[in-house]
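Visitor: how would this look folded up:
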Amino acid sequence: MNKTELVEAIAKESGLSKADATKALNAFVDVTGAELKKGGKVQLVGFGTFEVTKRAARKGKNPQTGAEIKIPAAKVAKFKAGKALKDTVNKKK
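Guide: Numbering: from 1, shown residues only. Down below sits the predicted model:
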């Protein structure tokens, strides 16, 4: 599902117009990104948690040449699914 399809599904499920659903989705993405940038986390009970973790610097290999390269440390966004989401995904039909 891409963003356009997600907006259409949100609009249909909620009764919002596509324009309002787009604004809501964009607001969610913007607010979540801003909170993660500050080092915070966004927790939606039952759905999951978005948070930032630190990845240590490490060594890697260039797949074309085999030369060793240094991969710098970085902050990465992570998502951990909540129980309700896991249950929904694993529910038998």
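
Visitor: contacts and neighbour counts: CA atoms only from here.
Guide: Will do.

Visitor: Just the buried positions in stretch 26-43, please.
Guide: Thr32, Gly33, Leu36, Lys41, Val42, Gln43 (16 or more other C-alpha atoms under 10 Å).

Visitor: Find the residue at the geometric middle of this protein.
Guide: Phe79 (5.7 Å; C-alpha atoms, centre = their mean).

Visitor: Give me the below-cutoff pLDDT ranges for this structure.
Guide: Flagging of the chain using pLDDT under 70 yields the residue ranges 93.

Visitor: Could you rerun that using 50?
Guide: The model of the chain has no residue with pLDDT under 50.

Visitor: where exactly do the helices run in it?
Guide: According to DSSP state H, the chain carries its helices in the segments 3-14, 18-37, 83-90.

Visitor: How far away from the center of its chain is the shortest one?
Guide: What that stands for is helix 83-90. 17 Å (C-alpha atoms, centre = their mean, to the nearest Å).

Visitor: Quick check: bridge partners of the closest residue to Gln43 other than its chain neighbours?
Guide: Of all residues not flanking Gln43 in the chain, Thr49 sits nearest, at 4.3 Å (C-alpha to C-alpha, 6 or more residues apart in numbering). Taking DSSP bridges as the rule, Thr49 bridges to Gln43, Lys80.

Visitor: Thr49 is in contact with Leu36, isn't it?
Guide: No - in terms of C-alpha atoms under 8 Å, Thr49 does not count as a neighbour of Leu36; the distance is 10.9 Å.

Visitor: what residues are shared contacts of the two?
Guide: The contact sets of Thr49 and Leu36 overlap at Val42 (C-alpha atoms under 8 Å, 6 or more residues apart in numbering).

Visitor: Tell me, how many residues neighbour Ile10?
Guide: 19 (other C-alpha atoms under 10 Å).

Visitor: Ala21 now?
Guide: 20.

Visitor: and what of Arg58?
Guide: By other C-alpha under 10 Å, neighbour count at Arg58 equals 10.

Visitor: Just give me how far stretch 25-37 sits from the chain centre.
Guide: Worked out by C-alpha atoms, centre = their mean, stretch 25-37 lies 10 Å from the chain centre.
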